[in-house]
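Undergrad: Requesting a structural model of the entry that follows:
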Amino acid sequence: MKVWVYEQPREVPAADFRDYLDPATTAVISIDMHRGHLEDSPDCPCPAPRARDVVEPINAFHREARTLGVPIVHVKSVLRAGGADDLAGIPAAWRRTFPLHVGPIPNAAAHAIEGSPWTEWVTEVLPQDLRVENKRRLSAFYPTDLDFLLRNQRITTVVFDGGFTDCCVLNSAFDANNLNYRVIVLRDLVRGTDDPLESAALSMVSLHLGLVMDSQDLLAGWKQGFEA
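TA: Numbers count the residues shown, from 1 in each chain. The predicted model follows:
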């Protein structure tokens with residue numbers, strides 16, 4: 001089967017990674033595909049414009065995964081109105097550091113506020129899908145109930161898509177690995193701050209945290225069975 005190791009495609013024996021490849025014990029974790037990142041507007045409070053081009057590919061992958069019985073878990077950032085989780089308490093570090101690179105973000109204070117349009121999903125979310133809607137910081141696992149949800153479904157492998165590759169996806173992959181999940185990141189369905197940081201994040205995953213794969217290779221393996 002094909003994986004990516006330090007940005008290079010590599011054929012590896014599927015038998016070496018059997019514990020990663022069973023769709024019956026796998027969930028897809030889709031991170032932060034909401035309007036607060038994806039809206040094409042100057043008011044977008046935390047813009048991730050590079051991720052807009054993966055909305056429909058993510059939808060297509062999720063549809064295929066559902067037909068195979070793989071649950072989709074949509075995770076998004078939501079902060080209490082009034083700012084107790086962030087600006088009115090100890091602000092998230094990115095609010096102070098990310099603008100050093102991109103410049104001021106005019107509507108950043110509105111990012112992820114509960115009940116605002118910025119927390120509305122952009123990707124398809126179906127009634128049978130699972131949702132985790134209280135991500136307060138960078139990891140999908142902190143301080144959410146995602147770990148409880150996955151363990152209660154007897155999930156042992158997590159497949160990540162969404163954004164940012166070098167931020168929330170990478171943080172979530174580290175936490176998943178530390179919690180002893182098998183980790184797969186779909187290189188064609190995540191987007192980072194820019195190409196260099198995206199490449200660096202995927203390289204780190206491939207060396208230390210799990211498998212980096214293309215979504216169609218994973219789907220084909222699920223459907224046909226991974227060859228030994």
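Undergrad: all contacts plus neighbour counts: C-alpha atoms, from now on.
TA: OK.
Undergrad: so N171 is in which element?
TA: Taking DSSP states H and E as the definition, one finds N171 inside helix 170-178.
Undergrad: Against which helices or strands is the longest helix belonging to the chain packed?
TA: If you go by DSSP state H, the chain has its longest helix at helix 55-67. Judged by 3 or more C-alpha pairs under 8 Å, 6 or more residues apart in numbering; DSSP states H and E, helix 55-67 is in contact with strand 72-77, helix 215-224.
Undergrad: would CSV of the ones you listed with distance to L150, mean neighbour count and mean pLDDT be doable?
TA: Shown next, in CSV, are those (distance: least, C-alpha to C-alpha, whole Å; neighbours: other C-alpha atoms under 10 Å; pLDDT from 0 to 100):
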stretch, distance to L150, mean neighbour count, mean pLDDT
strand 72-77, 9, 24, 98
helix 215-224, 19, 15, 97
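Undergrad: Out of these, the one nearest G163 is which?
TA: Closest to G163 of those, according to C-alpha to C-alpha: strand 72-77, at 10.3 Å.
Undergrad: what's the spacing between the helix or strand just after the closest one and its chain's center?
TA: Downstream of strand 72-77, the first helix or strand assigned by DSSP H and E is helix 94-97. Centroid separation for helix 94-97 versus its chain: 20 Å, with C-alpha atoms, centre = their mean, to the nearest Å.
Undergrad: Could you list the buried residues of helix 94-97?
TA: The neighbour-count check on helix 94-97 (16 or more other C-alpha atoms under 10 Å) flags R95 as buried.
Undergrad: what does it contact?
TA: A108 (C-alpha atoms under 8 Å, 6 or more residues apart in numbering).
Undergrad: and if you look at stretch 190-200?
TA: Outside stretch 190-200, the residues that reach it (C-alpha under 8 Å, 6+ apart) are 7, 48, 50-51, 54, 160-167, 169.
Undergrad: For the residues you listed, which ChimeraX command selects only the ones that are buried?
TA: To isolate the buried members of the contacts of stretch 190-200 in ChimeraX, using 16+ other C-alpha under 10 Å:
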select :48,50,51,54,160,161,162,163,164,165,166,167,169
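Undergrad: what residue lies at the spatial centre of this structure?
TA: I31 (3.5 Å; C-alpha atoms, centre = their mean).
Undergrad: so what's it bridging to?
TA: Taking DSSP bridges as the rule, I31 bridges to V75, G162.
Undergrad: what sits against it?
TA: Contacts here follow C-alpha under 8 Å, 6+ apart; on that basis I31 touches H74, V75, K76, A140, F160, D161, G162, G163, C168, V169.
Undergrad: what sits against the last one?
TA: By C-alpha under 8 Å, 6+ apart, V169 lies in contact with I31, S139, F160, D161, G162, G163, V190.
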